[in-house]
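J.: this one's sequence-less:
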């Protein structure tokens, strides 16, 4: 967060859990979660692309649900548990990440962290989604490179992988 | 055999850059920071065309946290850039020609302070008449945007006498086609970090498709020697041609030098839309005639291309379009003319397909109309007229001969989807129970040139070396923007040399280290890496084995390269690791090669030598109530020589076709009076996963003539070219309407529901 907006708005201590660790961040109520993650915590796996919640590159999990961090303000994060792509990667590759690697569900990779976050949010709440449910859950994540073929194959493989792991 | 994971076996590999991408650990150049660091922003024109009366920066300079406010007066060197013809001002001095024109650059301690400083800059303009229609820009009384006039570039190619030939034709089809201002929409917007060093050098960390070109252009702007600048340019979050030209680099570089501090720049999406390149909108008027047997006798084309305010590669794109509106067919008489026109619209420039997308949409539209008028199968009609393997290229130039055209044609002819079209025509299969849903199947065909073409320097090359730690280093001046260049390079090193992935270190995208391998554009990089490795294989292998032989006390001929090191041909063991070889070798082991992309022996500027052939069949469902077209299935046959990297190849065709789907059904950066009507991804819609639910099958045709020495052809662009006319043909079958304008407007295909007209739901005409 910047000097200027700190002065323009009174600050508060945001207490939340990010990737399993309790954090206290001095910020303003309207600071964007995306900025806090990238600039304050230097977790740059979460990407900035449209800033209006359309592309999904900045997706994080808040209490397990995928949200656009560019649209989430600091006050909305108070007391919440937030997981970024770095959190998903903590214990080695998640089966979803493994599936993306094996199926080639990415090219330039810029949308990939947000995409994987959205897949995780989907499969954690709905382990065997239909094609329509997958499309619904991922239609807020834009990928310009792959044409989504590799992503769909990766999601299918991830679903199978998670089923087998159980 | 279809290209997929199952059919690829062990050749289907996990990409070397994959782990960093799926974990978010890969640091993109726009993720980089430095301490201390300033933020750079650019003030752009409020008007699409105006004279600048004054620029007042005093208040901005006095604003807190502001370290520099630069105008045209602060540029030490050439106040212009442009890959082919530098006519775009870095910072405008007297006139602005589009809404992306830059006037002032600021550096401040935060993004917000930089933004406030921009708001304190006062600019007085005299608004001038806007040229938004390229046709009107050519009128004698139009304001002239450049000294040379508004006709930026003209092309012409003629053979025989079309006027006379049209008189002999049994059927003549005339149509005018329009294509949209498509946006690249790379997910990572332009940006980077600009770091002045203590040694006086500047390091630029910013995406580009040709680091050495950026270095040359920046040195020219800064008035410093090339050696004073280092460009680090990969990894890149997508480019598609859009980051080949300079974007934020001049501003970051100027601000860094001026302030002596590191400068971070990262365009907002709005800024990217406003300033960035788009695909050239084109109007293509075509008149094409056949004899009664269906042979093409005459083809006349007029291309009008809206290139926007400055040149960049507008001339080269028009050259490409001129070649590709002739394309894969033979005509006795030809008359093609093209003109690329300056306007006050957004910047048009390089974009995947490079003018071929527009050209093939129009050309294939003509072929479908002619076939229908003749009562012939559109596919048989193409067979009758297409270039055979011994034939010359579109400009009558010699080309690298392949059977690609015939083989992709045959693949489509035999495809299940094309056979389904025949059944559909005979009403032999049930289509849909919902009378407002209509099915259509269509196909299209293209030949797409690779490389920059005759008359443009097109260098290539690279280096292999054994590093001190024993890694086999492959050093190339190419860029990784997602296409899988590193994966393809790794796979070639493994398959052609016998190295293991762990033996290899790939180095790209750093002008201090890599040789100038030319640009990563024009579907050329994989072909040029393949050729480089062919040339390096013997000298580099010989050096490794000779040194190994000296160390091991045996003849080089007894040895071979293996995963992990060197062994004897008589058994599978590794007897000398690459690390041991490196530590014991007396001489440095390194081989470098440089050559040029092969060109056709012709004088014709822009003519290509190597071509990829592709044919696409597509099945669509048209909802006549909404006018929306859903692409249900696609089959792509692509003849581009050997598949170097199966996953990358499939990804390029699938991804390219998705871009083509957007071009055909969704995308247009609409402008009104020189202003973008769309500013972000809420109104500029590209395909989402919900638009891409249909099956996409890709069939690579690897066959090349025995004597072929050129190897893999490019596949980076062709996937984005052939789908649009195939969808248009399918829409014709579904709706009975000919599409002339992309993207297809739903209103154009909407029909009054049968329950309002009183017609029977089964009444299909």
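T.: Arrived safely, thanks for sending. None of these values were measured; they are calculated from a predicted model.

J.: OK, contacts around the residue lying closest to residue A:73 once chain neighbours are set aside?
T.: Distances taken as Cβ to Cβ, 6 or more residues apart in numbering or on different chains place residue A:30 nearest to residue A:73, at 5.0 Å, with adjacent residues excluded. Every residue, glycine included, has its C-beta placed from N, CA and C. Shown in contact with residue A:30 (Cβ atoms under 8 Å, 6 or more residues apart in numbering or on different chains): A:9, A:73-75.

J.: In the stretch 351-500 of chain B, where is pLDDT below threshold?
T.: The stretch 351-500 of chain B contains residues with pLDDT under 70 at B:428-432.

J.: Looking at it, which residue is nearest chain A?
T.: Residue nearest to chain A within the stretch 351-500 of chain B: residue B:482 (2.7 Å; Cβ to the nearest Cβ).

J.: didn't that residue look like it was pressed against residue A:145?
T.: Yes: shown here, residue B:482 and residue A:145 form a contact pair, counting by Cβ atoms under 8 Å, at 4.9 Å.

J.: Neighbours of residue A:92, how many?
T.: 8 (other Cβ atoms under 10 Å in any protein chain shown).

J.: Just the endpoints, please. Distance across stretch B:699-709?
T.: 23 Å (Cα to Cα, to the nearest Å).

J.: where are the low-confidence patches of chain A?
T.: A:1-8.

J.: can you map out the helices along it?
T.: Remark: helices assigned in chain A by DSSP state H are A:3-8, A:33-35, A:74-77, A:85-88, A:95-103, A:112-125, A:131-138, A:149-165.

J.: nearest to residue B:675, of those helices?
T.: Proximity to residue B:675 (Cβ to Cβ) singles out helix A:33-35 among these, at 28.1 Å.

J.: could you say what helices and strands the closest one packs with?
T.: With contacts taken as 3 or more Cβ pairs under 8 Å, 6 or more residues apart in numbering or on different chains; DSSP states H and E, helix A:33-35 sits against helix A:74-77.

J.: buried residues in the helix it packs on?
T.: Using 16 or more other Cβ atoms under 10 Å in any protein chain shown as the burial criterion, the residues of helix A:74-77 that qualify are A:74, A:77.

J.: That helix and chain B, are they touching?
T.: No: Helix A:74-77 is not in contact with chain B by Cβ under 8 Å from any Cβ of the partner chain; minimum separation 15.8 Å.

J.: what sits opposite the nearest residue to residue B:102 once chain neighbours are set aside in the beta ladder?
T.: Closest residue to residue B:102 apart from its sequence neighbours, by Cβ to Cβ, 6+ apart: residue B:42 at 4.9 Å. For residue B:42, the beta-bridge partners are residue B:105 (DSSP bridges).

J.: got the contact list for residue B:42?
T.: Each residue near residue B:42 by Cβ under 8 Å, 6+ apart is listed here: B:102, B:104-106, B:248, B:251, B:271, B:275.

J.: of those residues, closest to residue B:577?
T.: Using Cβ to Cβ, the contacts of residue B:42 come closest to residue B:577 at residue B:248, 44.7 Å.
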